[in-house]
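everything below, folded, please.
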Amino acid sequence: MRLQTKFLLIVGIILILLFVGRACIDYQSISQTTRYNLQQQAEKVRSLLMATRRIYHHQFIDSGIPLTKKTVGFLPAHSLGKISEDYPNWDKSGFSFDNVSDKPRNPKHAADAIELDAIAYFRENKDEKLLFKPFTRDDGQQFYLYARPIWIEEYCLKCHGKRENAPEAIRQLYSSAWDYQIGDLRGILSIKLPATIYNEMLVHSITQSILLEFLGIITIFFLITVLIRRHVVHPLNHIVTTMQAFASGDYKHRVIEFKGEFGILSQEFNKMASKIYEQQENLKILNEQLEQRVIKRTSQLNDKVTELTRTREELVHSEKMAALGQLVAGIAHEVNTPLGAIRSSAETLSRIIVPTLEQFPKLFEVLAPEQQEIFFTLIEYSLQNQTILTTKEKRAAKKILIAELEQYGIEDPRNFSNTFISLGIVEDIKQYLPLLQNVHKDFIFDFAYDLSTFSRSTGNIHTAVERASKVIFALKTFSRYDSSGEKTITNLQEGLETVLTLYGNQMKSDIRLIKEYEHVPHILAYPDEINQIWTNIFHNALQAMDYKGTLKVSLSQQDNYAVIAISDSGTGIPTEIKEKMFTPFFTTKSAGEGNGLGLDIVRKIVDNHDGKIEVSTEVGKGTCFSIWLPMTCKSR
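Residues are numbered from 1 along each chain as shown. So this is what the prediction gives:
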């Protein structure tokens with residue numbers, strides 16, 4: 001886009017914005033003025049009507065004309081209604097007026113919905129003297145309602161006070177609208193003005209204003225265009241052309257001198273061009289010398305960076321192996337425990353499998369077909385019921401079973417109650433009565449117990465294998481060393497679980513572990529370094545709690561960061577120590593327990609991932625480390 005076009009476009013946009021802003025301001029101003037004028041018209045009509053009404057009323061009273069059924073129509077309240085009915089014959093604009101009430105004596109003076117709202121408004125706001133608002137009639141036409149309250153005055157009580165005090169003609173004609181007091185709202189003077197009057201006045205005024213402003217904007221734009229082309233665009237185009245030639249290497253090119261500010265600019269540019277031309281030759285020589293130095297220095301720096309990176313990675317791996325060494329005893333226990341369970345269950349299986357298989361034929365001999373079905377129902381229920389009862393629950397269940405067995409007349413109920421509890425059956429034993437009443441019941445239930453034991457032993461082996469596999473997998477994952485130097489897709493939750501698994505033996509008895517994991521997408525990171533963060537922080541947290549307390553681990557996403565918060569209920573960190581906690585080789589532990597590099601390594605790893613670490617602590621209550629890792633970050 002040419003420079004001139006850009007200038008004119010900017011000027012045009014500014015003028016258009018000014019025009020639009022001015023038009024909006026004019027619209028608001030003209031709209032308010034037009035509305036005010038419309039209200040003033042209604043005010044003049046109201047003043048004329050009220051003056052006529054009051055004078056007419058006093059003239060009628062002062063004239064002494066007797067008030068009868070024939071002369072009551074001369075009262076202002078009656079005659080004004082008839083005038084309002086006849087007014088549309090003289091004015092076709094839709095303008096109307098009337099005095100209306102929510103308790104009219106004449107149905108023709110009954111207030112419509114919008115007028116009832118106005119009456120309610122004046123009753124709630126007795127200090128208000130005027131209501132002017134737009135509304136839409138049922139036929140869709142828009143109007144403005146001008147309403148003024150009509151309050152009961154002293155002279156009104158003659159016809160609206162006590163009925164017995166009213167003229168006889170009024171008492172005979174009307175049965176309603178009595179017992180008013182001075183200051184009560186009798187009704188409103190309602191003047192309805194068609195919105196077309198307002199709209200026509202508004203459109204006319206706004207159109208006239210916009211046309212005048214538009215002509216002014218066009219004139220200003222034309223003048224600015226001429227001035228910009230002559231005094232800005234032409235000099236700038238020449239200067240730009242010269243600078244482009246200069247930038248392409250033609251250092252001999254110069255700018256012609258203009259008048260005014262552009263003249264000063266052209267002179268200074270020419271001076272600068274001469275100096276640059278002189279210095280350019282010198283720069284060529286210096287560049288050649290500098291390039292040789294840069295090549296040599298860059299080679300040296302690359303060697304140092306490579307050496308530092310290798311040293312850092314070895315330090316992280318060394319710290320990881322040191323932590324792993326501290327966990328060896330616990331990990332060995334974590335592996336030995338499921339291995340012991342496997343050995344115990346295997347011995348049980350080897351002890352019962354052969355005798356159990358040999359006894360199958362005898363089982364089918366002693367059981368009738370219907371008893372066989374009950375027997376296998378018993379076995380199926382026992383295998384499916386994995387509920388583990390406490391000692392107290394077992395005693396309670398045993399009492400109930402013994403009582404129920406004695407009720408059915410079963411011999412040795414204590415022995416059979418133990419068998420039922422071992423099978424996981426603590427209620428509803430009535431369905432097994434055919435088996436209990438069999439002469440070979442001891443053999444039947446011993447066989448059922450052996451089958452249940454066989455199944456439970458295989459289940460224990462499966463559980464123990466899974467547990468041992470989990471620990472071995474965690475150990476394998478943790479000890480992995482990636483020397484590629486490239487980030488890989490990392491599952492943060494999996495890394496946390498790996499390290500927690502390795503610390504499982506140290507958190508079994510007196511540590512309450514709380515895990516709050518939200519779904520967080522995988523990130524690009526160095527997984528072995530990330531796991532080192534969790535190892536160091538978990539280790540410090542457990543030591544701070546003396547391996548007793550609550551350890552909470554949470555994973556969430558905030559904006560473009562994965563946030564891992566690890567909090568403990570330990571002793572907290574004093575302020576003077578908190579300021580030094582990330583300093584290399586600073587430690588509060590005894591000799592041999594730490595080298596003061598754990599948190600320093602954590603901070604460097606977080607920095608290497610373009611993240612941040614926050615620490616909140618309170619002495620006596622605990623500490624929370626919050627690690628913020630970006631969802632996407634640059635490689636090393």
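
roughly how far does Leu189 sit from Met50?
Going from Leu189 to Met50 by Cβ to Cβ, to the nearest Å gives 7 Å. Every residue, glycine included, has its C-beta placed from N, CA and C.

neighbour count winner among the two?
Set Leu189 next to Met50 and count neighbours by other Cβ atoms under 10 Å: Leu189 wins out with 20 against 16.

just checking, the more buried one touches Ile150?
Yes - counting by Cβ atoms under 8 Å, Ile150 is a contact partner of Leu189 at 6.1 Å.

distance of Ser29 from Ser205?
9 Å.

count the residues that sit near Tyr503.
Counted with other Cβ under 10 Å, the neighbours of Tyr503 add up to 25.

same check, this time on Leu18
Neighbours of Leu18 (other Cβ under 10 Å): 13.

same check on the one 10 residues further on?
Using other Cβ under 10 Å as the criterion, Gln28 is surrounded by 10 other residues.

Ile601 too?
As a burial measure, Ile601 scores 22 neighbours (other Cβ under 10 Å).

can you give me the pLDDT of it?
What the model reports for Ile601 is a pLDDT of 82.

do the same with Ala397
Reading off the model, Ala397 has pLDDT 79.

sorry, back to before: list residues touching both of Leu189 and Met50?
Any residue near both Leu189 and Met50 by Cβ atoms under 8 Å, 6 or more residues apart in numbering counts here, and that gives Arg148.

any residues in contact with both of Leu189 and Ile150?
In contact with both Leu189 and Ile150: Asn99, using Cβ under 8 Å, 6+ apart.

now the strands for this structure?
In the chain, the strands defined using DSSP state E lie at 96-100, 131-136, 142-151, 185-194, 488-490, 511-517, 523-525, 549-558, 561-568, 612-618, 622-630.

export these to a markdown table and append columns for distance to Ile218 and mean pLDDT.
Below are these laid out as a markdown table (distance: least, Cβ to Cβ, whole Å; pLDDT from 0 to 100):
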| stretch | distance to Ile218 | mean pLDDT |
| --- | --- | --- |
| strand 96-100 | 45 | 83 |
| strand 131-136 | 36 | 86 |
| strand 142-151 | 35 | 87 |
| strand 185-194 | 36 | 85 |
| strand 488-490 | 62 | 88 |
| strand 511-517 | 66 | 92 |
| strand 523-525 | 59 | 90 |
| strand 549-558 | 54 | 93 |
| strand 561-568 | 54 | 94 |
| strand 612-618 | 57 | 92 |
| strand 622-630 | 54 | 93 |
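
would a markdown table of these with distance to Gly249 be doable?
Listed next are the strands of the chain as a markdown table, based on distance: least, Cβ to Cβ, whole Å:
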| stretch | distance to Gly249 |
| --- | --- |
| strand 96-100 | 86 |
| strand 131-136 | 73 |
| strand 142-151 | 73 |
| strand 185-194 | 78 |
| strand 488-490 | 48 |
| strand 511-517 | 62 |
| strand 523-525 | 44 |
| strand 549-558 | 53 |
| strand 561-568 | 48 |
| strand 612-618 | 48 |
| strand 622-630 | 44 |
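
tell me the domain ranges of the chain?
Per automatic domain parsing, the structural domains of the chain span 38-204, 482-630.

verify the contact between Gln142 and Lys133 for me.
No - in this structure Gln142 lies outside contact range of Lys133 using Cβ under 8 Å: 11.5 Å.

how about stretch 88-103: buried residues?
For stretch 88-103, a neighbour-count test (16 or more other Cβ atoms under 10 Å) marks Phe95, Ser96, Phe97, Asp98, Asn99, Val100, Ser101 as buried.

and those residues, which two are the farthest apart?
Greatest spatial distance among the buried residues of stretch 88-103 (Cβ to Cβ): Phe95 and Ser101, at 21.1 Å.

just the buried positions in stretch 200-207, please.
Met201, Leu202, Ser205, Ile206.

what does that stretch contact?
By Cβ under 8 Å, 6+ apart, stretch 200-207 touches Ala23, Asp26, Tyr27, Ile30, Ser31, Thr33, Thr34, Asn37, Leu38.

ok, now which ones touch Ile627?
So Ile627 contacts Ile533, Val563, Ile564, Ala565, Ile566, Val606, Gly611, Ile613 (Cβ under 8 Å, 6+ apart).

also Leu435?
Leu367, Gln371, Ile374, Phe375, Leu378, Lys441, Ile444, Phe445.

could you redo the residues you listed as CSV and give each row neighbour count?
CSV is the format used below for the contacts of Leu435 (neighbours: other Cβ atoms under 10 Å):
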residue, neighbour count
Leu367, 20
Gln371, 16
Ile374, 17
Phe375, 23
Leu378, 22
Lys441, 19
Ile444, 22
Phe445, 22
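
out of those residues, who's nearest Pro194?
Leu378 (93.0 Å).
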